[in-house]
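K.L.:
Fold the stuff below for me.
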Amino acid sequence: MSTTDNAARIRCENDVSLSEAILRRPEVLKLREQLESQEKKHKGPGVRRRLLSTSVRLSRSMSRPLHDMADHCKERLGIASPFELYVYPSPSFNAACFKPEDGQVYMMFSSSLLEAFSENELLFVVGHELGHHVYRHHEIPIGYILGGDARPSPSLALELFTWSRYAEVSADRAGAFCAEDLPSVARALFKLASGLTDDRVVQFNLEEFLSQVDAMLAFGEQPGQGAPIQDWFLTHPFSPLRVKALTVFDQSELIRAGGMSRSQLEESVRKTMGVMEPDYLKGKTEPARVMRNLFIAGAVSIANAFEGISDQEKAALSEFFEDGFSIEKLDPDQLLALLPQRLDSAVEKTSMSQRMQVMRDICVVARAETPVSDIEQNLLDDMADRLEMPADFVTQCLSAPIELD
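P.N.:
Next up, the predicted model:
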């Protein structure tokens with residue numbers, strides 16, 4: 001088997017299917033055509049020029065170890081493109097791989113990440129970033145779609161959020177495939193999530209880190225320490241979920257002979273990541289019913305809060321429900337009166353993670369028409385406060401990071 005086949009072989013199936021579906025959507029096709037046209041007409045400073053003006057290029061003589069790591073990952077993933085490496089000063093752990101320019105791949109790392117991560121941890125980070133490149137994730141302009149003036153439909157927004165999480169799973173697999181050291185991979189994700197690097201303060205324990213995910217999957221409990229809970233509902237998967245997905249990947253036939261089958265692997269990943277999706281709209285359990293009632297009251301109240309329910313907001317609401325559901329039959333004033341009761345019921349009968357799931361979806365409706373008015377923002381904040389959520393959760397949902405990391 002060629003090294004080129006390795007990358008395709010380990011890519012997450014949901015990443016493949018969702019990206020293909022998104023790239024077929026007319027609005028995405030149109031936007032990509034517009035962006036390509038703009039790039040041809042307005043040839044401004046390129047990626048390399050911007051990097052040279054804001055960061056330090058690391059030549060092979062300046063950082064042979066990092067170049068050797070990149071060479072190793074390129075070979076493992078079957079990448080032929082030349083690359084350049086850059087570092088910029090920052091106390092935050094961060095890395096990025098930019099959309100190729102003239103066939104050249106550019107990777108950038110924060111100074112703190114290069115200093116704090118071990119060789120195998122860095123191999124994972126480099127492999128992860130090259131995974132985004134080899135899987136051509138940059139073909140979906142998620143930042144332009146979610147951050148542009150013309151807001152996408154809620155169905156596209158939710159599809160993009162879902163795809164981006166599976167894209168991270170694929171990139172994580174590429175990184176783990178390059179590092180070939182699951183404990184180091186998990187430790188890298190722990191460092192990225194917590195910011196902790198000093199073993200004198202906290203000693204990382206893989207089993208305890210994973211038990212956090214098992215508890216969430218079994219009981220729907222909120223995540224504990226290790227990463228901000230609100231990050232769980234944005235574009236990137238909550239770090240313990242990523243480690244869980246990589247653990248089953250490491251146990252699969254893609255890595256070891258006689259391991260779990262590909263179908264079992266992908267089903268396990270879907271189950272793990274599925275806790276982030278809005279399946280409560282069709283669920284028949286008591287928590288699902290409470291979540292559904294809260295969503296209807298909250299979303300309609302938000303849509304009606306400023307100058308009534310607009311056509312865009314009606315369209316946004318309709319995309320959450322099955323065909324035949326009539327929004328016109330809903331009474332906004334009555335639902336607003338019921339909202340406090342439904343908020344209290346949610347606190348009593350659902351977990352924090354479930355309540356955050358509903359609030360994230362209500363924020364999707366709020367973003368259907370921009371800018372979000374002060375009245376809508378205040379109502380969202382009041383709802384989040386009554387649901388006992390972190391003070392900045394709504395703000396993060398309304399202005400979530402919308403690029404792959």
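K.L.:
For the closest residue to residue 195 other than its chain neighbours, which three-state class applies?
P.N.:
Of all residues not flanking residue 195 in the chain, residue 93 sits nearest, at 7.0 Å (Cβ to Cβ, 6 or more residues apart in numbering). C-beta: built from backbone N, CA, C; applies to glycine. Following DSSP: H, G, I helix; E, B strand; the rest coil, we place residue 93 in the coil state.
K.L.:
what residues does stretch 129-142 touch?
P.N.:
Stretch 129-142 is contacted by residues 7, 11, 15, 19, 22-23, 28, 31-32, 35, 70, 73-74, 77-79, 81, 95-100, 105, 107, 160, 163-164, 167, 170-175, 178, 235, 402-404 when judged by Cβ atoms under 8 Å, 6 or more residues apart in numbering.
K.L.:
So for it, what gets flagged as buried?
P.N.:
For stretch 129-142, burial by neighbour count (16 or more other Cβ atoms under 10 Å) applies to 129, 130, 131, 132, 133, 134, 135, 137, 138, 140, 141, 142.
K.L.:
that's a strand at residue 255, yeah?
P.N.:
No: per three-state DSSP, residue 255 lies outside any strand segment and is coil.
K.L.:
pretty sure it is in contact with residue 248, am I right?
P.N.:
No: assessed by Cβ atoms under 8 Å, residue 255 is found out of contact with residue 248, at 10.1 Å.
K.L.:
Report the buried residues of the helix of greatest length in the chain.
P.N.:
The helix that spans the most residues within the chain, counting by DSSP state H, is helix 154-179. Judged by neighbour count using 16+ other Cβ under 10 Å, the buried positions of helix 154-179 are 154, 156-179.
K.L.:
so how far is that helix off the chain centroid?
P.N.:
7 Å (Cα atoms, centre = their mean, to the nearest Å).
K.L.:
orientation of the next helix-or-strand element following it relative to helix 154-179 in degrees?
P.N.:
Using DSSP states H and E, the helix or strand that follows helix 154-179 in sequence is helix 182-194. On the basis of axes from the mean of the first three to the mean of the last three Cα atoms, to 10 degrees, helix 182-194 is oriented at 140 degrees to helix 154-179.
K.L.:
what comes into contact with helix 182-194?
P.N.:
93, 116-118, 120-125, 172, 175-176, 179, 196-197, 202, 204, 206, 209, 225-227, 231, 239-240, 242-243, 246-247, 250.
K.L.:
Buried among these? Make that a PyMOL selection.
P.N.:
Under the burial definition 16+ other Cβ under 10 Å, those of these that qualify are selected in PyMOL by:
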select buried, resi 93+116+117+120+121+122+123+124+125+172+175+176+179+197+204+209+226+227+231+239+240+242+243+246+247+250
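K.L.:
gap between the closest residue to residue 174 other than its chain neighbours and residue 19?
P.N.:
Distances taken as Cβ to Cβ, 6+ apart put residue 131 closest to residue 174, at 2.8 Å, once the chain neighbours are dropped. From residue 131 across to residue 19, the span is 13 Å (Cβ to Cβ, to the nearest Å).
K.L.:
what does residue 128 give?
P.N.:
When distance is defined by Cβ to Cβ, residue 128 is 17 Å away from residue 19.
K.L.:
domain assignment for the protein?
P.N.:
Annotated domains of the chain cover 3-40+47-276, 279-398 [automatic domain parsing].
K.L.:
Let me have these in CSV, extended by mean pLDDT.
P.N.:
Converted to CSV, the domains of the chain look like this (pLDDT from 0 to 100):
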stretch, mean pLDDT
domain 3-40+47-276, 86
domain 279-398, 84
